[in-house]
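J.: The amino acid sequence is not available; the structure is as follows:
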């Protein structure tokens, strides 16, 4: 009997396939903005559907690993995680897939095929539509902060332009912190110039409102959630990431204020 026919080897390979597909689902959820507890729950559900026991799970900022056990076989596998973003539609779709897989009856191939389909076909808003919506959100929050109606349009335009350019820069692989600083400078400058052009009385507030698109709301919430759920390492990593984004954004708006002479 060859090594390929050894039942121990065969079972080991089966466990490897189970772990890999479960980790792929977890990676998609993490990259889509899910908290660690949600990611671990989804991975465990898929493993349970295959009839194997999840002994351990570990999530880092750039990797995710699991150890599974069945009969007398135990293996540990790890996958790299890409840039963390926010895609609630995809996140919820993968969660639903995990729930179906937990009931059993789905093969590794079926789950992998469904994951690929979800990544490929889950609807996404076009960049221009997202930019317009983000600009409107910036100027709406700006009104809550106290910008006058004269600054409403300039902030909307500045936020929309900033979001559109940010989208394309990130998709071209530009460092996310550099993007945050550059977009803060660009949007604040455009918002400030626009507010000055219409003789708004709240120019500085308009500049601040124009960069609200950079506020990392979901990562901030996940950082708190992860720490409270007992994952301080991941929560702290997210918190440091949030602080870095805010630092670069603050630097960008500082340069914009210097350029427009608002710091005198």
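T.: Noted; the coordinates are in hand. Remember, it's a predicted structure, so these values are computed and weren't measured experimentally. Residues are numbered from 1 along each chain as shown.
J.: hey, let's count contacts and neighbours off CA atoms from now on
T.: Fine.
J.: What ranges in the stretch 101-250 of the chain fall below the confidence cut-off?
T.: For the stretch 101-250 of the chain, no stretch has pLDDT under 70.
J.: Just say helix, strand or coil for the residue nearest the centre of the chain.
T.: When CA atoms, centre = their mean is applied to the chain, the residue found nearest the centroid is residue 85 (1.9 Å). The three-state label given to residue 85 by DSSP: H, G, I helix; E, B strand; the rest coil is coil.
J.: Let me know the secondary structure of residue 251.
T.: Residue 251 ends up helix, using three-state DSSP.
J.: Count the neighbours of it for me.
T.: Using other CA atoms under 10 Å, residue 251 has 17 other residues around it.
J.: and the residue nearest to the centre of the chain, how far is that from residue 30?
T.: 8 Å (CA to CA, to the nearest Å).
J.: what do you get for residue 155?
T.: Distance, residue 155 to residue 30, using CA to CA: 32 Å.
J.: Ok, residue 226 next?
T.: In this view, residue 226 and residue 30 are 12 Å apart by CA to CA.
J.: hang on, the earlier thing: compare residue 155 and residue 30 and say which is more crowded by neighbours.
T.: Legend: neighbour count by other CA under 10 Å for residue 155 and residue 30, higher for residue 155 (36 against 28).
J.: starting at the chain centroid, how far to the strand or helix carrying the more buried one?
T.: Assigned by DSSP states H and E, residue 155 falls within helix 152-171. Distance of helix 152-171 from its chain centroid, counting by CA atoms, centre = their mean, to the nearest Å, is 19 Å.
J.: And stretch 22-42, by the same measure?
T.: In this view, stretch 22-42 has its centroid 11 Å away from the chain centroid, taken as CA atoms, centre = their mean.
J.: ok so, going back, identify the contacts common to residue 226 and residue 30.
T.: Residues touching both residue 226 and residue 30 (CA atoms under 8 Å, 6 or more residues apart in numbering): residue 36.
J.: how close does the residue nearest to the centre of the chain sit to residue 131?
T.: 16 Å.
J.: now swap in residue 13 and tell me
T.: Taking CA to CA, one finds residue 13 at 46 Å from residue 131.
J.: likewise residue 106?
T.: Residue 106 is 39 Å from residue 131, by CA to CA.
J.: If you count surrounding residues, which of the two has more?
T.: Higher neighbour count among residue 106 and residue 131: residue 131, with 25 against 14, using other CA under 10 Å.
J.: And the nearest residue in space to the more buried one that is not next to it in sequence, how close does it get to residue 125?
T.: Distance criterion CA to CA, 6 or more residues apart in numbering; nearest residue to residue 131, sequence neighbours excluded, is residue 160 at 4.5 Å. Counting by CA to CA, the gap from residue 160 to residue 125 is 14 Å.
J.: Between these two, which is the more surrounded one?
T.: Set side by side, residue 160 and residue 125 show more neighbours around residue 160, with 28 against 8, by other CA under 10 Å.
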